[in-house]
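Asker: Predicted model, plus sequence, below.
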Amino acid sequence: MNRLTKTLLTAGLMLTATAASAHPGHGEGGFTSGLLHPMLGLDHLLAMAAIGFWSMRQSKVMQRGTPLFMIGGMFLGAGLAFAGLSIPGVETGIALSVMLAGVLIATLAKLPTAVGGTLVAAFMVFHGFAHAVEMPMGAHFAAYMAGFGLATAAIAFAGRGLGALLMKTDSRISRGVGVALAATGALLAA
């Protein structure tokens, strides 16, 4: 392993939370709570940024569509939660989304748009479900959804920016980022 890979892996491990979980308690109201929720949970932040990062090596349609696939999956997951349905293994699904996004980056995997879009939306269903379940009491549903939809898009675009930047460098750097993310996701799932 080269020095950069070791550094990225070490940084990822140092930032690892002890359990994959959504992070409630961001205050009252809807929009601010929804906006902060994905940004304050390492598991959510890493998954969304990693998917944005990965999307930059995909087709043009996938590059442009990934933020929409992400938000669509998030809203679907939230809708399932608000409808009172249950998804087994939500925390594990969140952790595995980090790990699998890392694997996709590390392997420089290119997927057909239909497969990639479905995979991204499926990952985000777990995140949206967790966000909705942990919506603060009294928060306005539409404002909360708008907040976490905007945060999801912002994180995805930040990941895309990093992915675009690293596409101009040696692919080993991107692979190292992917390995660090996969290792972090595996630790979150453990």
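Answerer: All right, it came through fine.

Asker: List the residues that contact Ile71.
Answerer: Applying Cβ atoms under 8 Å, 6 or more residues apart in numbering to Ile71 gives the contacts Met124, Gly149, Thr152, Ala153. For glycine as for every other residue, the C-beta is placed from the backbone atoms N, C-alpha and C.

Asker: Tally up the residues packed near the last one, please.
Answerer: Residues lying near Ala153 (other Cβ atoms under 10 Å) number 17.

Asker: Now it: which helix or strand?
Answerer: Element membership for Ala153, per DSSP states H and E: helix 141-167.

Asker: just checking, what packs against that helix?
Answerer: helix 31-40, helix 42-55, helix 60-82, helix 113-133, helix 171-189 (3 or more Cβ pairs under 8 Å, 6 or more residues apart in numbering; DSSP states H and E).

Asker: Give me the distance between the closest residue to Met74 other than its chain neighbours and Ser174.
Answerer: Nearest residue to Met74, sequence neighbours excluded (Cβ to Cβ, 6 or more residues apart in numbering): Gly128, at 3.6 Å. Relative to Ser174, Gly128 is positioned 27 Å away (Cβ to Cβ, to the nearest Å).

Asker: quick one on the thing from earlier: ok, the residue nearest to Met74 touching Phe75?
Answerer: Yes - contact criterion Cβ atoms under 8 Å: Gly128 and Phe75 qualify, at 6.1 Å.

Asker: Between these two, point out the one with more neighbours.
Answerer: The neighbour comparison of Gly128 against Phe75 (other Cβ under 10 Å) goes to Gly128, with 30 against 20.

Asker: buried sites along stretch 36-54?
Answerer: Neighbour-count burial for stretch 36-54 flags 36-39, 41-54 (criterion: 16 or more other Cβ atoms under 10 Å).

Asker: Please apply the same query to stretch 179-190.
Answerer: So, applying 16+ other Cβ under 10 Å, buried residues of stretch 179-190: Val179, Ala180, Leu181, Ala182, Ala183, Thr184, Gly185, Ala186, Leu187, Leu188, Ala189.

Asker: what separates the first one from Ala114, distance-wise?
Answerer: Meaning Val179. 27 Å.

Asker: can you check the last one too?
Answerer: Taking Cβ to Cβ as the criterion, Ala189 is separated from Ala114 by 27 Å.

Asker: And for the second one?
Answerer: Plainly put, Ala180 is 29 Å away from Ala114 if you go by Cβ to Cβ.
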